[in-house]
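**Q** just coords:
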Ligand SMILES: Cc1cc2nc3c(=O)[nH]c(=O)nc-3n(C[C@H](O)[C@H](O)[C@H](O)COP(=O)(O)OP(=O)(O)OC[C@H]3O[C@@H](n4cnc5c(N)ncnc54)[C@H](O)[C@@H]3O)c2cc1C
Ligand SMILES: Nc1ncnc2c1ncn2[C@@H]1O[C@H](COP(=O)(O)O)[C@@H](O)[C@H]1O
C-alpha cells in the first residue's frame, strides 16, 4: 500500500504531531509526505530527514500559506490518484482537512485511530474514550486521522527521502479567506508533547490564583500547563490549555490534576498518562479513582509548600 | 436568510457509557438520551442570528435529524428552543457521517439555506467529520470549531478555536459552520415554548426519498472497555509527595 501523510508545520519547522502519523502510516506500507505551504524549502528538507519516508511531495504556492481545507483538500485528492491511504494527525488542522478529502474521495474517514490492526482494520476511541471500537473498512482508499499519543514518534533524523515538487497551479479559490490568527506564544513546553503537565481546575477561582499557584510549580518541574474546561470557561487561562474530550488529548509521563474533580470529559483527555497525581480537598472526588498518587487537602496550602520543597 | 441546523440524538453527556457484555457496542437501552451538546450550541447560535444578534438577518431556522423515530424528541427540543420547523429522515440503521453528509446535501439542494450550523462532533462516535464532509460535497466554505460568528448579507466571519489559539476566516455564503463549546451558552426551552413546539411542522422523510445510498462503509467488529486504571495510594502530606516525585525522577 502507498500512503500519503499530511505534514503539519508552521512554515518553518515540522510539527511533532507528524512523526506519530509517519509511524502509523508505515504500518500500512510505503510512506510519502506532503508538505503544502508557501516558501517551504526548509520544511521539506527537514521532512526528508524523517526516518522511513520514501518521497516528500511539495506544493509551494502562495494560496497555501494558511492550510485552509478548501484549498488543501483538492490538492490531496489529486495526489490520492497514486496513493491508497491518506493520513493526518488528529490536530485541529488535520481534523479540519481530512474529512473534506474523504468526502471528495467518497470514503468514510476513520477518525483518531489508536492502532493499526491490519490493512483495513483499526481501533479508535468512542464515547470520550469510555469504549474502544475495532472497525473494518470496505472502502478502496483510506482516509485516517491519527491520535498522536497512541503511536511512537518516528525518528526525526536519519531518513534520505527524495523531494519532489508537485503541480499546485489552479488552487486559488474564493469561497473562503484567511483573515488572521492569534496564536499564543509559548514560554513552556507544548501540552501535547510535554513530559510533565500541571493542570488546574475550577478550584483555582481566579486567573490571578491560577498564575500565582499553578505556574510556579510548572516552572519548577519544567512542565507544560493545562486546565479543565471549567477553568477555561471561567477565563483563568486561554482555550488552548483545555485538556479533555473536546480539548487536547495528552499522555505525559506525569500528569498533575490540581483542583480538578475528574469529570469523564476531562479524564478522556488524560487518562493514558503514565502517572497521575491528584490534589483535591474532596477525598471522594472521582479523580482519585484514576490517580496513582493522591493528596487530600487545600491546594492553596499544598501547592505553594510543594513548590518550595522541590 | 435561512439556516439549517442538523441535530443528533445521543446518550446524555452526564450518563456514564457502559460497554455491552457481548462486545457489540455501548448499552443504550433505558438510558437518558439528549440532543448532542454541540448541536444545542448550533441551535442557540441560529436563534441568536434570528434575534438579530451577531449580524442577524436570519428569518427561518430548519432543524434536521437523521435517525430512528425517537429522534423526533430531539427535533421537538430544537423547536421548543426556537427553530421554526423540522425534518426527520427516518433510518433505523445507524447512518455514518458520510451518509449523513449526503442526506444533508440533498436537503440543502432542496431547501437552499444560506448557512448550515452543525456541532463539531457527536459525543457518541466522536467522529468530527460531518460538517467538513458536507462542505466538501457542496463545494462551499467551511469554518469548523467556531467560537464567534458574525453574519452579513453575503458573508460570514468566523473565529475558530485552533491548537495554538484562535484563527479568523471569512466565508462567502452559503457556508458551513461547526460549533465549539465556547460559542454560546444554549438556553433552556420554557414550558410555553415546549407546548408551542408540539404544533410546529415536523416532516418525515426516508433516505430513499432523497435517492441517497446510506449503506455503511465501516463494520464495527467489536467494542471493548479501555484498560482500566485503578486507584493508587494516597499520601499523607507534601513531604511524602515530594519523595514520590523524586522516586519518579521528576524532582531532584
Ligand atoms: C460536551 C462536553 C464536553 C466537555 N469537554 C471537556 C473537556 O474537554 N475538558 C474538561 O476538562 N471538561 C470538559 N467538559 C466539562 C466537564 O463535564 C466538567 O464540567 C469539567 O471538567 C469540570 O472542571 P473542574 O474539574 O475544574 O471543576 P469542578 O468539577 O467544579 O471541580 C473542582 C474540584 O476542585 C476541588 N476543590 C475546590 N476547592 C479546592 C481547594 N481549595 N483545594 C483543593 N481542591 C479544591 C473540588 O473538590 C472539586 O473536585 C465537557 C462537558 C461537556 C458537556
Ligand atoms: N444522524 C445525524 N442527524 C443529524 N445531525 C447529525 C447526525 N450525525 C451527525 N450530525 C451533525 O454533524 C455533527 C458532527 O457529527 P460527527 O461528524 O458524527 O461527529 C453533529 O454535531 C450534528 O450537528
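**A** The structure has been received and is ready for your questions. This structure is a prediction, so every number in the text was calculated from the model and none was measured. Ligands and ions are numbered 1, 2, ... in the order given.

**Q** Report the residue spans of chain B with pLDDT below the cut-off.
**A** Scanning chain B for pLDDT under 70 picks out no residues.

**Q** Quick check: residues of the stretch 1-150 of chain B near ligand 1?
**A** Proximity of the stretch 1-150 of chain B to ligand 1 is confined to B:13, B:37, B:123 under the rule C-beta under 6 Å from any ligand atom. Every residue, glycine included, has its C-beta placed from N, CA and C.

**Q** Compare these and tell me which is most surrounded.
**A** Neighbour counts for those (other C-beta atoms under 10 Å in any protein chain shown) peak at residue B:123, which has 24 neighbours.

**Q** Which pLDDT value belongs to residue A:188?
**A** For residue A:188, the pLDDT comes out at 83.

**Q** That one - nearest residue in space that isn't next to it in sequence?
**A** residue A:224 (5.3 Å; C-beta to C-beta, 6 or more residues apart in numbering or on different chains).

**Q** Of all the helices and strands in chain A, which has the lowest average confidence?
**A** In chain A, no helix or strand scores lower on mean pLDDT, DSSP states H and E than strand A:176-183, which sits at a mean of 91.

**Q** Can you confirm whether it lies near chain B?
**A** Yes. Contact of strand A:176-183 with chain B (C-beta under 8 Å from any C-beta of the partner chain) involves A:176, A:177, A:178, A:179, A:180, A:181, A:182, A:183.

**Q** Dump the residues of the stretch 1-150 of chain B next to ligand 1 to TSV, plus distance to residue B:52.
**A** Output for these, formatted as TSV (distance: C-beta to C-beta, whole Å):
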residue	distance to residue B:52
B:13	30
B:37	25
B:123	31
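
**Q** most neighbours, which of the residues of strand A:176-183 next to chain B?
**A** The most neighbours of any of the residues of strand A:176-183 next to chain B, using other C-beta under 10 Å, belong to residue A:176, which has 24 neighbours.

**Q** Count the neighbours of the closest residue to that residue other than its chain neighbours for me.
**A** Of all residues beyond its chain neighbours, the one nearest residue A:176 is residue B:141 (3.6 Å), with distances taken as C-beta to C-beta, 6+ apart. Around residue B:141 there are 26 other residues, counting by other C-beta under 10 Å.

**Q** Wait, residue B:141 touches residue B:175, no?
**A** Yes. Between residue B:141 and residue B:175 there is a contact at 4.7 Å, judged by C-beta atoms under 8 Å.

**Q** Need the residues touching each of those two.
**A** Common contact partners of residue B:141 and residue B:175 (C-beta atoms under 8 Å, 6 or more residues apart in numbering or on different chains): A:175, A:176, B:135.

**Q** Out of those, which is nearest to ligand 2?
**A** Nearest to ligand 2 among those is residue B:135, at 11.6 Å by C-beta to the nearest ligand atom.

**Q** and that closest one, how far is that from residue A:174?
**A** Applying C-beta to C-beta, to the nearest Å, the value for residue B:135 to residue A:174 is 15 Å.

**Q** Between the two, which is the more surrounded one?
**A** Neighbour count, other C-beta under 10 Å: between residue B:135 and residue A:174, residue B:135 has more, with 33 against 8.

**Q** What is the three-state secondary structure of residue A:43?
**A** Three-state call for residue A:43 (DSSP: H, G, I helix; E, B strand; the rest coil): helix.

**Q** Could you do residue B:122 as well?
**A** Following three-state DSSP, residue B:122 is assigned to coil.

**Q** Count the residues that sit near the closest residue to ligand 2 within chain B.
**A** The nearest approach of chain B to ligand 2 comes at residue B:119, 2.3 Å away (C-beta to the nearest ligand atom). Residue B:119 has 27 neighbouring residues, counting by other C-beta under 10 Å.
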